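**Q** From the sequence below, what's the structure:
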Amino acid sequence: MKYYIVDAFTDQPFGGNPAGVVLLEGDSFPSETLMLQVAAELRYSETAFVRRLSPTEYHVRYFTPKAEVELCGHATIATFSLLHQMQLAEGECLCHTLAGDLRIEVGEKVMMQMATPSIVATVDDTDEIYRALGLADYLPTLPVQIAYSGLPDIMIPISDVAILNGLQPTMEAVAAITQKHKAVSFHMFAFGNDGYTAHVRDFAPLYGVPEESATGTANAALTHYLAVNSVIPRQGDFAFLQGEAMGRPSVVATRIAIDGNIYVGGTAYVLASGKFNLVFKASKCG
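**A** Got it, this is the predicted structure:
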């Protein structure tokens, strides 16, 4: 089992959002227990397990240190950037995931088609959400909504970038609220009038990820949310700055195509590689 550590949404080492990528051989995935153990050993927010079906077709499964998830944007960008750099993938590829089949445009920059976006629900009682973020009695100017583009995330408006970067959440409360709403993360955003569509932070403690420095699926969902709420056009290219508070700034590019599909993309830096040596001894009994 060969593994790689790849920093997504950056072209510099130790930037962006790191993911584990495991390239598999054979006709099937290992057991879910083993993939979960590998993801926990690598300790990144997500690890992608990749089966190459043909030069243009792949099957990918994603594991956090605690559970399998349907899709992970930054791990997908990391995976196909790695495959491109290894000269294993080029042009339009098909990626099979639990969230559906996605088109991936593979080149120096990788752009991935996200799952069909939607607004899952509007959260009317927002008090507990803002209390969990340390912002009691906060009145948002945009709705708090659960948006989906592969994973359901709670979109949470913040009034300015300084407040956003100063948030000190109670992670236990964040985990309980995301579980209550059957969501993956709190995805906070603020506008900075500095060339970026928005500055963002993402907390997903329910899945063992206190904060992520770049989240493809959540920013795709945010792109749809902003378009639905008439903040941005329903077609065009956008850019989100994430990871500032972690010292790992990442630029996540998104695009709303003419057909309404949302793409997320960027570059990635292959930081390290290695091999798992897994030899299991038979247990003794009797």
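
**Q** tell me how far stretch 95-104 is from the chain's mean position?
**A** 14 Å (CA atoms, centre = their mean, to the nearest Å).

**Q** again with stretch 138-156
**A** Put simply, stretch 138-156 sits 15 Å off its chain's centre (CA atoms, centre = their mean).

**Q** That one: which residues count as buried?
**A** For stretch 138-156, burial by neighbour count (16 or more other CB atoms under 10 Å) applies to 138, 140, 144-156. For the C-beta atoms, the positions are set from N, CA and C on the backbone; glycine is no exception.

**Q** Could I get the average pLDDT for it?
**A** Stretch 138-156 shows a mean pLDDT of 94.

**Q** Quote the end-to-end distance of it.
**A** One end of stretch 138-156 to the other measures 11 Å (CA to CA, to the nearest Å).

**Q** Can you name the residues that contact the residue sitting nearest the centre point of the chain?
**A** For the chain, the residue sitting closest to the mean C-alpha position, by CA atoms, centre = their mean, is Thr215 at 3.4 Å. Neighbour list for Thr215: 17, 73-74, 153, 185, 187, 200, 202, 242, 252 [criterion: CB atoms under 8 Å, 6 or more residues apart in numbering].

**Q** Apply 6 Å and report the result again.
**A** Asp202 (CB atoms under 6 Å, 6 or more residues apart in numbering).

**Q** Quick one, grab the pLDDT at it.
**A** At Thr215, pLDDT is 88.

**Q** Now it: phi and psi?
**A** Here is the backbone geometry of Thr215 (degrees, to the nearest 10): phi -130, psi 110.

**Q** I'd like to know how far it sits from Lys275.
**A** The gap separating Thr215 from Lys275 is 29 Å, by CB to CB, to the nearest Å.

**Q** Any idea how many residues pack against Gly91?
**A** Number of residues near Gly91 (other CB atoms under 10 Å) recorded here: 11.

**Q** Then the one 5 residues further on?
**A** Using other CB under 10 Å, His96 has 15 other residues around it.

**Q** Same question for Lys182.
**A** 10.

**Q** Quick one: residues contacting the closest residue in space to it that isn't next to it in sequence.
**A** Closest residue to Lys182 apart from its sequence neighbours, by CB to CB, 6 or more residues apart in numbering: Pro152 at 6.5 Å. Counting by CB under 6 Å, 6+ apart, Pro152 touches 120, 146, 183.

**Q** Which strand or helix spans the last one?
**A** For Ala183, there is no helix or strand it lies in under DSSP states H and E.

**Q** so where's the stretch 101-250 of the chain shaky on pLDDT?
**A** Within the stretch 101-250 of the chain, no stretch falls below the threshold (pLDDT under 70).

**Q** quick one: the helices in it?
**A** 127-132, 161-165, 171-180, 216-228 (DSSP state H, counting those that start in this stretch).

**Q** which one of those lies closest to Arg103?
**A** helix 216-228 (13.6 Å; CB to CB).

**Q** how about that closest one as CSV, C-alpha atoms only?
**A** Extracted as CSV, the C-alpha positions of helix 216-228 are listed here (Å, rounded to 0.1, in the frame of the first residue of the first chain):
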residue,chain,number,x,y,z
GLY,A,216,-13.5,21.9,-1.3
THR,A,217,-17.0,20.5,-0.6
ALA,A,218,-18.0,23.2,1.9
ASN,A,219,-16.8,26.1,-0.4
ALA,A,220,-18.7,24.6,-3.3
ALA,A,221,-21.8,24.6,-1.0
LEU,A,222,-21.0,28.1,0.0
THR,A,223,-20.8,29.2,-3.6
HIS,A,224,-24.3,27.8,-4.2
TYR,A,225,-25.6,29.4,-1.0
LEU,A,226,-24.2,32.8,-2.0
ALA,A,227,-25.7,32.5,-5.5
VAL,A,228,-29.1,31.5,-4.2
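
**Q** other SSEs contacting it?
**A** helix 73-85, strand 145-148, strand 152-157, strand 250-256, strand 262-266 (3 or more CB pairs under 6 Å, 6 or more residues apart in numbering; DSSP states H and E).

**Q** Kindly present the ones you listed as CSV, with separate columns for distance to Gly192.
**A** Below are those laid out as CSV (distance: least, CB to CB, whole Å):
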stretch, distance to Gly192
helix 73-85, 22
strand 145-148, 21
strand 152-157, 13
strand 250-256, 13
strand 262-266, 19
